[in-house]
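Visitor: need a structure here:
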Amino acid sequence: MVWEGYRSRLCKCNNFNENGLFGRAPQELRGILSSALEQQRKSAKRHESVIAFSRAMFEHAHGYRNVYFALLNTRAWEIVRQSLQEILEELIQRECKAEITKLKTAKSEVPVDLFIHYLTSVFFAVLTWWMARRSRLTPSQIDEVFRSLVLPTAHAVLG
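Guide: Predicted coordinates:
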């Protein structure tokens, strides 16, 4: 009952839509990240293309850092994080469809859904760490940290 009242106030104060993240924000964010993937596709190596969204997502979070920071220690963060994770999983799966097909046929020891979950989980671990500590790292710097953590695995899995 207390959560319902809190969620109701959060929805009204933050333009939160129970059918989505914050009103039209999920579609707008999906568009921003899709554009970033498009731009990176031409210059990125195959194993880098699966995380081409990361810099744009860190820049988005940085632009809304006070909102992210305010949400981190609330129950609302789980709702927001889940919505964001679904967007990222969809983008990763769509972006590397050909690579995933190769991964499926290569009889890799890494299941595709586990690989996608790994990428998004590490991304949110880094994002949460960065926001919770109000780190002075720039979006570019935290993106480099994220990439240093996941690119060796992406290269090992995708080649």
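Visitor: Asn66: neighbouring residues, count only.
Guide: Using other Cβ atoms under 10 Å, Asn66 has 10 other residues around it. Glycine gets a C-beta too; all of them are placed from N, C-alpha and C.
Visitor: Tell me how far it lies from Arg134.
Guide: Asn66 is 10 Å from Arg134, where distance means Cβ to Cβ, to the nearest Å.
Visitor: And for Leu149?
Guide: Remark: distance between Leu149 and Arg134 (Cβ to Cβ) = 20 Å.
Visitor: Look at the two and report which has more neighbours.
Guide: More neighbours surround Leu149 than the other of Leu149 and Arg134, with 13 against 9 (other Cβ under 10 Å).
Visitor: which secondary structure element contains that one?
Guide: Here Leu149, judged by DSSP states H and E, is contained in helix 139-158.
Visitor: And that helix, what does it pack against?
Guide: helix 46-49, helix 54-63, helix 97-105, helix 112-132 (3 or more Cβ pairs under 8 Å, 6 or more residues apart in numbering; DSSP states H and E).
Visitor: closest to Ser35 out of these?
Guide: Among those, helix 54-63 comes nearest to Ser35, with 7.6 Å by Cβ to Cβ.
Visitor: Check which helices and strands the closest one sits against.
Guide: Helix 54-63 sits against helix 25-41, helix 112-132, helix 139-158, with contacts defined as 3+ Cβ pairs under 8 Å, 6+ apart.
Visitor: Reformat these as CSV; add distance to Gln93 and mean pLDDT.
Guide: Formatted as CSV, the helices and strands packed on helix 54-63 follow (distance: least, Cβ to Cβ, whole Å; pLDDT from 0 to 100):
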stretch, distance to Gln93, mean pLDDT
helix 25-41, 12, 66
helix 112-132, 6, 91
helix 139-158, 13, 92
